[in-house]
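S.K.: build me a model:
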Amino acid sequence: MAATKRRKHSVIDGLPAPVKASVEQMLLSGTTYAEVVDYLGLQGVSLSVSAVCRYAQSFHASVEALQIAQENFRYMMTEAEKYPDMDPTEVLVRITGQNLLTALVSKSPEEWSAVEADKVVSQITGLTRAVAYKKRADVESKDIVSAALDEVKAELYNAMQTEQPETYRQLAAFLERKKKEGLGR
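M.R.: Next up is the predicted model:
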């Protein structure tokens, strides 16, 4: 059975928010771990350089993950702006599909041996289901809109035929002509 990841807790996590924020700012600005230890000592917290180092590694990994997420979001927004008529779900599906394809193509043979096939298949299946669900929802929406438009059109034609028969005949002739022109293309 695979070992479960345990959440790491640090003394720094339990510090008052202003002190923790100062430590994190120091870590981001390149302050040495020894200087962070000295600062914490002034705050009444005794901590080793190795403890600060462990916290810094975890903190930097979190910052990096956040930066990647922000960059991905910016990329998604840029792609969405290119296609203003595209549904946001479609943008997400396209980006996810592209990222999945990139991940699959970039794996070396050694990396493939460590990949759990059921996880890859599960992700591909999830993406496929999302696409199918979206297409079904789009079709259902179009059917509803089309039915509503047909109903409005029928009501309009009935009212026009009764109240303005000449306009109705002109409209019917125009539509028939356009229909024939469309078929002749």
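S.K.: show the subsequent helix or strand relative to the helix ranked longest in the chain.
M.R.: When the chain is scanned for its longest helix (criterion: DSSP state H), the result is helix 117-163. Downstream of helix 117-163, the next assigned helix or strand under DSSP states H and E is helix 165-183.
S.K.: and that following helix, what does it pack against?
M.R.: helix 117-163 (3 or more CB pairs under 8 Å, 6 or more residues apart in numbering; DSSP states H and E). All C-beta atoms are positioned from the backbone trio N, CA, C, and that covers glycine.
S.K.: run the chain-centre distance for the helix it packs on.
M.R.: 22 Å (CA atoms, centre = their mean, to the nearest Å).
S.K.: so what's the residue positioned nearest the centre of the chain up against?
M.R.: The C-alpha lying nearest the average C-alpha coordinate of the chain belongs to Leu92 (CA atoms, centre = their mean; 4.8 Å). If you count contacts by CB atoms under 8 Å, 6 or more residues apart in numbering, Leu92 has them with Met76.
S.K.: which strands and helices lie in contact with the longest helix of the chain?
M.R.: Using 3+ CB pairs under 8 Å, 6+ apart as the contact criterion, the neighbours of helix 117-163 among helices and strands are helix 88-106, helix 165-183.
S.K.: reformat those helices as a markdown table; add distance to Val145.
M.R.: Supplementary listing: these in a markdown table, determined by distance: least, CB to CB, whole Å:
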| stretch | distance to Val145 |
| --- | --- |
| helix 88-106 | 18 |
| helix 165-183 | 20 |
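S.K.: pipe those helices into CSV and attach mean pLDDT and distance to Ala34 per row.
M.R.: Shown next, in CSV, are the helices and strands packed on helix 117-163 (pLDDT from 0 to 100; distance: least, CB to CB, whole Å):
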stretch, mean pLDDT, distance to Ala34
helix 88-106, 76, 39
helix 165-183, 82, 79
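S.K.: just those: most buried one?
M.R.: Neighbour counts averaged per stretch over those are highest for helix 88-106, at a mean of 13; criterion: mean count of other CB atoms under 10 Å.
S.K.: name the next helix or strand downstream of that one, please.
M.R.: The C-terminal neighbour of helix 88-106 among helices and strands, as given by DSSP H and E, is helix 109-114.
S.K.: CA atoms only: put that following helix into CSV for me.
M.R.: Below are the C-alpha coordinates for helix 109-114, written out as CSV (Å, rounded to 0.1, in the frame of the first residue of the first chain):
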residue,chain,number,x,y,z
PRO,A,109,10.4,5.8,-21.7
GLU,A,110,11.8,5.7,-18.2
GLU,A,111,9.0,8.0,-17.0
TRP,A,112,6.4,5.8,-18.7
SER,A,113,7.4,2.9,-16.6
ALA,A,114,6.5,4.9,-13.5
